[in-house]
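Undergrad: sequence and predicted structure are below.
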Amino acid sequence: MPVSDSPDRECVADRDPGGEGLPINELFYSLQGEGTLAGVPSVFVRTSGCNLRCWFCDSYHTSWEPTHARMGLEEIVAEIESHPADHVVLTGGEPLLHEESVALLETLDERGYHTTVETNGTIHREAPIDLASISPKLESSTPTADRDPKGEGEWAQRHEDARIDLEALSALVEDYAFQLKFVVTDADDMPEIRGLLADLRRVTSEPIHDEDVLLMPEGATRERLAETRERVAELAMEYGFRYTPRLHVDLWNDAPET
Ligand SMILES: C[S@@+](CC[C@H](N)C(=O)[O-])C[C@H]1O[C@@H](n2cnc3c(N)ncnc32)[C@H](O)[C@@H]1O
Ligand SMILES: Nc1nc2[nH]cc(C(=O)O)c2c(=O)[nH]1
Ligand code: SF4
Ligand SMILES: [Mg+2]
């Protein structure tokens, strides 16, 4: 059931800081569109609320204007079980903001699901995560006054201060099978990616292979991806990193619940 079709259960996250269960923005069945599991039928659980504010965020109603219905764990699991998938993607917003995400992941693990967590890499929690899909945010994501979708750059400094946490990143790569998935607009992003990888390789005992590093074109719509994807594919070849498409955008553009 699409949560956003239930107006009686909708509320704004800022007005509902506590409560039982998880703030869910949408829960839907689709194909994993990104990363090493692209194409795999998966149920997506999208929590609401984020500690960052990327200007390009394709999930505006989990970050800039968070909207959700609170759902109990059993309710979430029952809805997941109504779909013919054995992969679950927990995303957001930032799903690891919520302590209750751990209980959900434990329940899914007990029931035999493969779990991917899509995270911005600023928070580490101990949980049964089969794939940590980590997307550290580059300087080009910062919502400066000239590019934020709302306001006049009020979030720029907070975003800038929080977007990279080497301790959290190294704990994530040490504890879980992982992929590092960078949103790339153009060649200007590459020195920062290389610098961050060098820093991370210095502080973690876990090897980080270039094939664990994925470049994903920035673009929430087919039109925008048409401008970025070829450039990003060429950068992946030039630097020896992987390229990941955004399959769901190719298939369904920016439709909700896809
Ligand atoms: C909405 S985020 C939620 C999870 C987490 N907050 C994060 O950023 O990784 C899900 C994925 O979409 C990516 N993403 C968001 N907006 C995008 C855009 N306009 N173009 C390409 N990727 C985008 C993020 O980098 C992340 O990999
Ligand atoms: N189909 C599809 N695949 C995805 N992979 C990661 C997504 C996300 O928003 O975290 C996502 C999404 O929103 N849709
Ligand atoms: S970290 Fe993820 S959810 Fe948060 S604003 Fe950036 S892309 Fe959106
Ligand atoms: Mg998405």
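TA: Great, that's in hand. Ligands and ions are numbered 1, 2, ... in the order given.
Undergrad: would you mind listing what in the stretch 101-250 of the chain touches ligand 1?
TA: Residues of the stretch 101-250 of the chain lying near ligand 1 by Cβ under 6 Å from any ligand atom: 118-120, 135, 181, 183, 216, 218-220. In this view, the C-beta of every residue, glycine as well, is placed from N, C-alpha and C.
Undergrad: among these, which one has the most neighbours?
TA: Tallying neighbours with other Cβ atoms under 10 Å puts Thr119 at the head of those, with 28 neighbours.
Undergrad: quick revisit: among the residues of the stretch 101-250 of the chain next to ligand 1, which are located in helices?
TA: Members of those lying in helices (criterion: DSSP state H): none.
Undergrad: filter those down to the ones near ligand 2?
TA: Applying Cβ under 6 Å from any ligand atom to those, those adjacent to ligand 2 are Glu118.
Undergrad: using JSON lines, lay out the residues of the stretch 101-250 of the chain next to ligand 1 together with pLDDT.
TA: Shown next, in JSON lines, are those (pLDDT from 0 to 100):
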{"residue": "Glu118", "pLDDT": "99"}
{"residue": "Thr119", "pLDDT": "99"}
{"residue": "Asn120", "pLDDT": "99"}
{"residue": "Ser135", "pLDDT": "99"}
{"residue": "Lys181", "pLDDT": "99"}
{"residue": "Val183", "pLDDT": "99"}
{"residue": "Met216", "pLDDT": "99"}
{"residue": "Glu218", "pLDDT": "98"}
{"residue": "Gly219", "pLDDT": "98"}
{"residue": "Ala220", "pLDDT": "98"}
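Undergrad: for the residues of the stretch 101-250 of the chain next to ligand 1, work out which two are farthest apart.
TA: Thr119 and Gly219 (20.5 Å; Cβ to Cβ).
Undergrad: hang on, the earlier thing: which one of the residues of the stretch 101-250 of the chain next to ligand 1 is nearest ligand 2?
TA: Relative to ligand 2, the closest of these is Glu118; by Cβ to the nearest ligand atom it sits at 3.7 Å.
Undergrad: hmm, the closest one is touching Pro95, no?
TA: Yes: counting by Cβ atoms under 8 Å, Glu118 does reach Pro95; the two are 7.0 Å apart.
Undergrad: enumerate every residue touching the residue most central in space within the chain.
TA: Central residue of the chain (Cα atoms, centre = their mean): Glu118, 3.7 Å from the mean position. The neighbours of Glu118, taking Cβ atoms under 8 Å, 6 or more residues apart in numbering as the test, are 89-92, 95, 133, 135.
Undergrad: the longest strand seen in the chain pairs with which strands?
TA: For the chain, the strand that runs over the most residues, judged by DSSP state E, is strand 22-31. Here strand 22-31 is paired, per DSSP bridges, with strand 41-47 (antiparallel), strand 67-71 (antiparallel).
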